[in-house]
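>>> fold the following, please.
(chains A and B)
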Amino acid sequence: MWLYVIKRIAQGIITVWFIATATFFAMHNVPGDPLLNDRAVTGSIRANLEAKYGLDQPLMTQYFIYLGNLTRGDFGISFTQENREVNDIIRQHFPVSAILGVLAVVFAAVGGVLWGALTALFRNRLPDYVIMFLVILGISVPSFVLAALSQLALVNINSIFGTTVLPVAGWGTVSHMLVPALVLGLGTMAYLTRLMRSSMLEVISSDYVRTAKSKGLPATRIFTRHQLRNAILPVITVLGPAIAAITTGGFVVELVFAIPGLGRFFVEAVQQLDYTVIMGTTVFYGAFLVFMVILVDLLYGFIDPRVRLH
Amino acid sequence: MSALTPADFQPLQTKRQTQGIARPSLSYWQDAWLRLKVNRRALCSLYIVIGLLLFTIAGPLVWRVDPGLQDLDQISQAPFTDRRAIVVEEYQPWDGRSLRTDVNGLHLAQPATTQAVRLKWDALPGASGHRVYRNLFPVGPELAFGVPLAEFYDNETLYFEDRLDLRPQRYYYSVVALEPDGRISDTFETLEVQLQRVTTLSEAVQRGLVGPDAELQIGDPVLLSAHPLGTDYLGRDMLARLMEGARVSLFIGIGAPLLFVLFGVAYGSIAGFMGGRVDSVMMRFADFVVALPFLLFMILFKIAFGIGPGESGVFPMLVALVILMWPATARLVRGQILQIREQGYIAASRLLGAGTGYLVLRHMIPNTMGVVLVTLTFAIPSAIFTEAFLSFIGMGVAPPTPSWGSMSNEGIKTMLTHPHELILPALFISITVLAFNLLGDGLRDALDARMRNQE
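Numbering: from 1, shown residues only, chains lettered A, B, ... in the order given. So this is what the prediction gives:
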C-alpha cells in the first residue's frame, strides 16, 4: 500500500519534470526578445538584466538553473510587473481560482450523481426526458455562452426585484461565487449525469439489488446502501480528470465574470508575453493537476475495497 | 410390439439442404449501417452534419457576399429586417419653417427619415431656453432623456434638425425647458418618432443598388443589399461570415481529429504489436503528454510556433491540437491490438504464412476501425469546442478571419442591444457539437456491441 503511494508520487514528480521541461523549451522557442519592450534597454542595463534573468548563459545552463529554482519552489520574477515574484502572483490569485474550482466540482459531482440517479430511477418517464434534454443542452452549449446568458438573466432578475439579488460580476462574497461556479461546473455535471445514469442502470438490474428487494428491504434503504454506493464508483474515477478540466477551463468564466483568478492572470501574461509568469503558472497548474489525479486514485482505493492498490 | 419388416430398414431420403443461409450475408459495415439507420436520432444528426458541410463548402458558391465587406449604413441589423428604402431628394438646408401650422407643441415639421429629423416646438412655459435630447427608450419616471443634441439659450430658436447617425428605428425626442442659469427644469415635452429608411438617387447609384441609368422617381422604393441573417457591428453580412467561420471551425474541428487519430492509430498499433519494453516506454511517454494541462499548452504552443497574440493562427492551432490530443486514441488502439493479437483468427492467419505487415494491415487495423471511428466522432465536438473557446478568449483565430468562437466573442459585447450577433454563432457551435455527439452515440451503438450504452 505505502509502496504504491510512494511509487505514484515518484511518477507524479517525473510527470511534473516532463511538464516543466516541455514548458521551458516551448517558451524558449517563442520568437522575440523578452527584454525588448517599449523602453530602450541598451548597453550595461541590458547586460545587467540578462544576468539577473540568467539570459547570458548557454541554453542547457539556463535549463538547469531553471530546474534548480523550481526544486526550491522559486518561479522567478515577472518580466512586465517590476519586482513582483511569480510566487506572489500565484499566492495571491490561485486561492480565488481554487475556491471557484472546488465549488464548481462540488456542484458538478453532487448534481451529476443526483440527476443521474434520478434519471435512472425514472427511466423513460418524464423526469428522465426532461433531465436528459437539459444534459444534452449542457454538453453542447459552450461555457462562454452560458456565462453570458446567465449574466443577462442576472441583470433581468436584479432589475425585476429592484435590488442586487446576486451580483452580475466581481468577486468577494459567497453571492459572487454561486453563479460562476454553477456555470463552470455545468458541462462536467452534464457529463457526470450521463455516466451516473448508465452506471445506475447497470446496478439496478444487478443480482444483489434483486436479492435486497426479495429480502424485503425498503426501497430507500436499497437506494442508499446498495444502488447509490455501487453506482457512484465510476463517477469517482473520472473525478480526477474532471477537476483538471474544471480548473483549467476556469479562465473563460473568470474573464466573463471579472474574477481575479489565476486563469485570467495567465491570459493577461500571454498577451504581454510575460515569460516567467507563463512558465510558472503552467508548471504550477500542471503539478496541481497531476497530484489531484493521484489523490483521487488513492481515495478510490479507500472507497472501493475491491480495488487493491499495487 | 409389431415385428420389424425389411421395409423398416430402407435408407432415408437424404435431405439436400439441412442448413442454409436464411438471410443475406452482411459485412461488419453493412450490419452497422443497418443498425445506424434505425436510430432516428443518429440519422438526424448525420443529416445535420451533411447539411453543415454543404453550408460550408457549397454555401459561399450560392451566397456570393464578401464576408469582409463593411456596410456602414446597415450596422448591427437584426435578421429579416425590412430593407426597403424610399428615394428622396438630395438634402436641402432647412430654415426652420414648418409645413404644418395646425399642430402646437413638439411636432415633426416633415416626415422623419434617416436623412433628417426636423423638430419644431412652442416655447415651454417659463423657459428661458431649451435643450433637445434623443433616447432609444421612452422617458421614464427617472427622467432619462438620453443623448443631449442641442441647447438654445433664447426663446427665438424653436426648431432643431437632427442628422446625427440616424437609423431606421424608433427614437424618443425630448425638449426640456432651461432655467435662466442654464439648469434644466422639470418642464419637458417628448415625442416618439419612427424613422423611415431613405436614400437619395445619387447615393443608390453610388452604392450599386440600382444601375446608373435607372429611371427612379422621388418616392420609389429601392432595395438595399440583402442580409438575411442581419449584419454585425461593422455591417458585415452575418450569413457570409457564418459560412466563412464554419470553414475555420470545421477545418480545425475535423482536420485536427483526423490527423491525431491517424497518428494515434499508428502509435498505438506499433506499441501494441511490439509489446514488452518498447510498449511500456511508448505508453509512459503517452501518459506524460496526457498530463500536460491541455488549454494552457494549447496557448503555449500557439505562441511558441511564432504566432503572437492577436495574429490569426489556424495552422498552429491545428498542430497544437494534434500534439496534445493523440494519446487517448493511441491508448485505445493499443488496448484493441493487444486483444486482437491473441485472437484465433490471427493465429490461423499466421499459420497460413501471413507476414507481420499483412497481419497488421489486413487484420488488426481493420478490426480496430469501429472503435477508432467512434473516437473520431467524439473528438470532433471537443476540437470544435477548443477552437471556439480559444478564439473566444482571443487566443485562437484573430480578426478579420471569422470563426464561430471569435464571432461569439465580438457578439458578446453587443449582447444587450443586438442579441443576434451572439446567438447565431453560438447556435451554430451548439448544433454542430450536438450533432456530432449524437452521431457518436449512434455509431458507438451500431459499431460496437460491447461499448453499447444502456439508453
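
>>> which positions in the stretch 201-310 of chain A make contact with chain B?
Residues of the stretch 201-310 of chain A lying near chain B by CB under 8 Å from any CB of the partner chain: A:201-202, A:244-245, A:248-249, A:251-252, A:255-256, A:266-267, A:270-271, A:273, A:278, A:281-282, A:285-286, A:289-290, A:293. For every residue, glycine as well, the C-beta is placed using N, CA and C.

>>> among those residues, which ones are in helices?
In helices, defined here by DSSP state H, the members of these are A:201-202, A:244-245, A:248-249, A:251-252, A:255-256, A:266-267, A:270-271, A:278, A:281-282, A:285-286, A:289-290, A:293.

>>> burial check on the closest residue to chain B within the stretch 51-200 of chain A, number of neighbours?
Residue nearest to chain B within the stretch 51-200 of chain A (CB to the nearest CB): residue A:140, separated by 3.8 Å. Using other CB atoms under 10 Å in any protein chain shown, residue A:140 has 21 neighbouring residues.

>>> quick revisit: narrow the ones in helices among the residues of the stretch 201-310 of chain A next to chain B to those that are buried.
When these are checked for burial by 16 or more other CB atoms under 10 Å in any protein chain shown, the buried set is A:201, A:244-245, A:248-249, A:251-252, A:255-256, A:266-267, A:270, A:278, A:281-282, A:285-286, A:289-290, A:293.

>>> partner residues bridging residue B:170?
Counting by DSSP bridges, residue B:170 forms beta bridges with residue B:194.

>>> what residues does it make contact with?
Residue B:170 is in contact with B:136, B:192-195, counting by CB atoms under 8 Å, 6 or more residues apart in numbering or on different chains.

>>> apart from its chain neighbours, what residue comes closest to residue 247?
No chain specified, so I'll use chain A. The shortest distance from residue A:247 to any non-neighbouring residue, by CB to CB, 6 or more residues apart in numbering or on different chains, is to residue A:101 (4.4 Å).

>>> actually, chain B is the one I wanted.
Excluding the flanking residues, the one nearest residue B:247 by CB to CB, 6+ apart is residue B:56, at 5.5 Å.

>>> is it true that that neighbour touches residue B:248?
No. Counting by CB atoms under 8 Å, residue B:56 sits too far from residue B:248 to count as a contact (9.7 Å).

>>> neighbour-wise, which of those two wins?
Under the neighbour definition other CB under 10 Å, residue B:56 and residue B:248 were set side by side, and residue B:248 has more, 23 against 20.

>>> tell me who's in contact with that one.
B:314, B:387, B:397, B:401-404.

>>> likewise for residue B:273?
Applying CB under 8 Å, 6+ apart to residue B:273 gives the contacts B:337, B:341, B:356, B:360, B:364.

>>> on that earlier part again, closest to residue B:243 among the contacts of residue B:248?
residue B:402 (9.2 Å; CB to CB).

>>> the closest one reaches residue B:245, doesn't it?
Yes. Contact status for residue B:402 versus residue B:245: in contact at 4.1 Å, counting by CB under 8 Å.

>>> give the contact list for the residue nearest to residue B:247.
B:243, B:246-247, B:250.

>>> before we move on, what about residue A:293?
A:240-241, A:243-244, B:291.

>>> how about CSV for those residues, with distance to residue B:164 added?
Rendered in CSV, the data for the contacts of residue A:293 read as follows (distance: CB to CB, whole Å):
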residue, distance to residue B:164
A:240, 59
A:241, 55
A:243, 54
A:244, 53
B:291, 58
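
>>> from these, which single one is nearest residue B:7?
Nearest to residue B:7 out of the contacts of residue A:293 is residue A:241 (CB to CB; 78.0 Å).

>>> what's the helix or strand for the closest one?
For residue A:241, the enclosing helix or strand under DSSP states H and E is helix A:239-256.

>>> go on, residue A:110?
Going by DSSP H and E, residue A:110 is part of helix A:86-121.

>>> counting by contacts, list what the helix or strand of chain A with the lowest mean pLDDT packs against.
Scoring the helices and strands of chain A by mean pLDDT, DSSP states H and E places helix A:43-53 at the bottom, with a mean of 73. For helix A:43-53, there is no helix or strand it packs on, judged by 3 or more CB pairs under 8 Å, 6 or more residues apart in numbering or on different chains; DSSP states H and E.

>>> buried set for that helix?
By neighbour count on 16+ other CB under 10 Å, the buried set for helix A:43-53 is A:46, A:53.

>>> what element comes up after that helix heading to the C-terminus?
Following helix A:43-53 toward the C-terminus (DSSP H and E): helix A:59-71.

>>> let's see that next one as PDB, backbone CA atoms only.
Taking Å, rounded to 0.1, in the frame of the first residue of the first chain, the C-alpha atoms of helix A:59-71 are listed here in PDB:
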ATOM      1  CA  LEU A  59      20.700  27.200 -23.100                       C
ATOM      2  CA  MET A  60      21.400  24.000 -21.100                       C
ATOM      3  CA  THR A  61      22.900  26.000 -18.200                       C
ATOM      4  CA  GLN A  62      19.700  28.100 -18.200                       C
ATOM      5  CA  TYR A  63      17.600  24.900 -18.200                       C
ATOM      6  CA  PHE A  64      19.500  23.600 -15.200                       C
ATOM      7  CA  ILE A  65      19.300  26.900 -13.300                       C
ATOM      8  CA  TYR A  66      15.500  26.900 -14.100                       C
ATOM      9  CA  LEU A  67      15.200  23.300 -12.800                       C
ATOM     10  CA  GLY A  68      17.200  24.200  -9.700                       C
ATOM     11  CA  ASN A  69      15.000  27.100  -9.000                       C
ATOM     12  CA  LEU A  70      11.900  25.000  -9.500                       C
ATOM     13  CA  THR A  71      13.000  22.500  -6.900                       C
END
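
>>> who's in contact with that helix?
Outside helix A:59-71, the residues that reach it (CB under 8 Å, 6+ apart) are A:17, A:20-21, A:24, A:28, A:54-55, A:57, A:75-76, A:283.
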